[in-house]
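**Q** just a sequence and a predicted model for now, questions to come.
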Amino acid sequence: MPLAGLMAPTIDLSELDRRIAELKSVENWLNMNLGVLRMTLQGLELQKSGLAAMQGTGGTGKTAEDSNPAGDPPGTAPSKAPGEKSGRGDSSQG
């Protein structure tokens, strides 16, 4: 249907109802596609920020947990592996 035909005035109520129903269908379709578009954009923005965060760690792909597998609190000396000597002269261990 040409656009000029959409704007032509009509006096037939059933024709007006049909046009209104068609346009509401188009509106619903456009709104659905807008929602999909917004979700896609949000997903890409999250992916971008995730990549930027990984590059901020030196580009190694390591997270904070990867560099601290023992789970030590930040600012403390890392835990020793089993059987590892302390190096502090403690004779009580190992």
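**A** Arrived safely, thanks for sending.

**Q** need the CA coordinates for stretch 46-54. PDB is fine.
**A** Extracted as PDB, the C-alpha positions of stretch 46-54 are listed here (Å, rounded to 0.1, in the frame of the first residue of the first chain):
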ATOM      1  CA  LEU A  46      28.900  -5.400  28.600                       C
ATOM      2  CA  GLN A  47      31.300  -7.400  26.400                       C
ATOM      3  CA  LYS A  48      33.200  -4.200  25.600                       C
ATOM      4  CA  SER A  49      33.600  -3.300  29.300                       C
ATOM      5  CA  GLY A  50      34.600  -6.900  30.100                       C
ATOM      6  CA  LEU A  51      37.300  -6.900  27.500                       C
ATOM      7  CA  ALA A  52      38.500  -3.500  28.700                       C
ATOM      8  CA  ALA A  53      38.700  -4.800  32.200                       C
ATOM      9  CA  MET A  54      40.700  -7.800  31.100                       C
END
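
**Q** quick one: least confident helix or strand in the protein?
**A** helix 64-67 (a mean of 58; mean pLDDT, DSSP states H and E).

**Q** tally of neighbours for residue 33?
**A** Residue 33 has 10 neighbours, counted by other CB atoms under 10 Å. (Glycine included, C-beta is placed from N, CA and C.)

**Q** residues in contact with it?
**A** With contact set as CB atoms under 8 Å, 6 or more residues apart in numbering, residue 33 has no partners.

**Q** sticking with it, tell me its helix or strand.
**A** If you go by DSSP states H and E, residue 33 is part of helix 13-56.

**Q** what's the answer for residue 10, then?
**A** Residue 10 belongs to no helix or strand, assigned by DSSP H and E.

**Q** that one is in contact with residue 17, isn't it?
**A** No: between residue 10 and residue 17 there is no contact under CB atoms under 8 Å: 10.7 Å.

**Q** which residues does residue 40 contact?
**A** Shown in contact with residue 40 (CB under 8 Å, 6+ apart): no residues.

**Q** got a pLDDT number for it?
**A** Looking at residue 40, its pLDDT is 98.

**Q** and it, how close does it get to residue 53?
**A** 21 Å (CB to CB, to the nearest Å).

**Q** what's the answer for residue 38, then?
**A** From residue 38 to residue 53 the distance is 23 Å (CB to CB).
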